[in-house]
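J.: based on what follows, work out the 3D shape:
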Amino acid sequence: VQLQASGGGLVQAGGSLRLSCAASERTFSIYNMGWFRQAPGKEREFVAAISRSGLSTSYEDSVKGRFTISRNNAKNTVYLQMNSLKPEDTAVYYCAAVNWATMTALGSWGQGTLVTVSS
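T.: So this is what the prediction gives:
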């Protein structure tokens, strides 16, 4: 599945952004989906995931209570609502299909979207 993330930008600490990830395939609904991020000089890391149906979610500890992942299978799109942003959230954000057991990405990475949080 080909994926295109969007919605990044520059925001002050404490602000909010909503990321979107559009999938090219109509079979989008069969995939568990997730968001990952890569900060400058660091490895890519897991942020959040949502099950095929949207009924189950999982979050990395540092974003719990601040970020919310959701999906709209009719629109082949997964979202990441990010509130109370911190400078340490600055990274390029990517979406991907995920292995629910390991919370690791499946397949190739699509184009990410840059989020910059100023202090």
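J.: surely V11 and S119 touch.
T.: No - in this structure V11 lies outside contact range of S119 using C-beta atoms under 8 Å: 11.2 Å. All C-beta atoms are positioned from the backbone trio N, CA, C, and that covers glycine.
J.: neighbour-wise, which of those two wins?
T.: Between V11 and S119, V11 has the larger neighbour count (other C-beta atoms under 10 Å), namely 17 against 9.
J.: extract the C-alpha set from stretch 11-27 and format it as CSV.
T.: Taking Å, rounded to 0.1, in the frame of the first residue of the first chain, the C-alpha atoms of stretch 11-27 are listed here in CSV:
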residue,chain,number,x,y,z
VAL,A,11,3.9,25.1,16.0
GLN,A,12,4.8,26.6,19.4
ALA,A,13,5.1,24.4,22.4
GLY,A,14,1.6,23.6,23.8
GLY,A,15,0.0,23.8,20.4
SER,A,16,-1.8,21.2,18.3
LEU,A,17,-1.5,19.7,14.9
ARG,A,18,-3.5,17.0,13.1
LEU,A,19,-1.6,14.7,10.7
SER,A,20,-3.3,12.7,8.0
CYS,A,21,-2.1,9.7,6.0
ALA,A,22,-3.9,8.7,2.8
ALA,A,23,-3.6,5.2,1.4
SER,A,24,-3.8,4.3,-2.2
GLU,A,25,-5.5,1.0,-1.8
ARG,A,26,-9.1,0.2,-1.3
THR,A,27,-7.9,-2.7,0.9
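J.: next one: that stretch to chain centre, how far?
T.: 7 Å (C-alpha atoms, centre = their mean, to the nearest Å).
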